[in-house]
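*Asks:* Output the structure for:
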Amino acid sequence: MFWKIRGERLDCSKKILMMGILNITPDSFSDGGRFFDPSEALRRAFDLAGQGADILDLGAESTRPGADLIPASEEARRILPVLEGILQKIRIPVSIDTTKPEIARLCLEKGAHIINDVSALRDSGSEMAELVRRYGAGLILMHRRGRPWTMQSLAVYEDVVAEVCQELAQSLEMALEAGLEPEQIVVDPGLGFAKTFE
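*Replies:* Numbering: from 1, shown residues only. Okay, here's the model as predicted:
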């Protein structure tokens with residue numbers, strides 16, 4: 001199985017791909033804002049690459065439960081210097097965790113390889129899918145219901161597997177209708193996003 005990213009084929013059949021997560025936020029649920037400073041973020045990116053990460057995923061807007069949205073200008077201010085530093089020195093694909101088409105466009109113009117849309121196009125719509133198609137990037141469609149401040153209240157399912165699959169299928173159809181090839185797309189069930197532990 002191959003993942004098609006900017007004309008290259010990333011072989012997914014022989015091993016588990018390791019994604020290094022880098023949150024450039026002051027309030028991340030996983031690292032408590034340790035990498036909010038661009039120099040610390042770059043140092044962490046180099047560490048992750050050295051530890052064998054196959055992909056680096058950069059996010060500059062917190063998606064933890066209860067998080068507030070930030071303006072695109074602030075998201076760009078946080079992410080672009082780190083992205084530029086990484087692309088100059090690291091030769092593995094870089095994924096951008098965003099639901100804003102304007103941030104996706106800026107990052108794809110700089111050379112990012114993948115857009116990780118945690119709304120699975122529900123917030124970003126066909127504009128995001130069209131951008132990914134235009135740049136030949138990879139697209140991750142992650143399942144989430146609602147926004148960070150409402151998603152945990154929406155974790156109500158009759159059959160969680162069937163419903164998540166159905167909702168992801170709708171997002172996948174939107175991406176395909178925008179002209180993406182199936183090989184460009186990966187789906188993520190979004191563990192912890194509008195899901196209870198159980």
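*Asks:* Might one say that residue 36 is in contact with residue 26?
*Replies:* Yes: judged on C-beta atoms under 8 Å, residue 36 makes contact with residue 26 at a distance of 4.9 Å. In short, each C-beta sits where N, CA and C put it, glycine included.
*Asks:* quick one, which of these two is more surrounded?
*Replies:* Taking neighbours as other C-beta atoms under 10 Å, residue 36 and residue 26 compare with residue 36 leading, 17 against 13.
*Asks:* who's in contact with the more buried one?
*Replies:* 24, 25, 26, 78 (C-beta atoms under 8 Å, 6 or more residues apart in numbering).
*Asks:* Buried among those residues? Need that as a selection in PyMOL.
*Replies:* Selection of buried members from the contacts of residue 36 for PyMOL, criterion 16 or more other C-beta atoms under 10 Å:
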select buried, resi 24+25+78
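*Asks:* With pLDDT added, can I get the contacts of residue 36 in TSV?
*Replies:* Below are the contacts of residue 36 laid out as TSV (pLDDT from 0 to 100):
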residue	pLDDT
24	92
25	87
26	81
78	95
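*Asks:* Which one of the contacts of residue 36 is nearest to residue 163?
*Replies:* Nearest to residue 163, judged by C-beta to C-beta, of the contacts of residue 36 is residue 25 at 29.2 Å.
*Asks:* That closest one reaches residue 58, doesn't it?
*Replies:* No: counting by C-beta under 8 Å, residue 25 sits too far from residue 58 to count as a contact (10.4 Å).
*Asks:* ok so, going back, and of the contacts of residue 36, the nearest to residue 118?
*Replies:* Taking C-beta to C-beta as the measure, residue 118 sits nearest to residue 25 out of the contacts of residue 36, at 13.2 Å.
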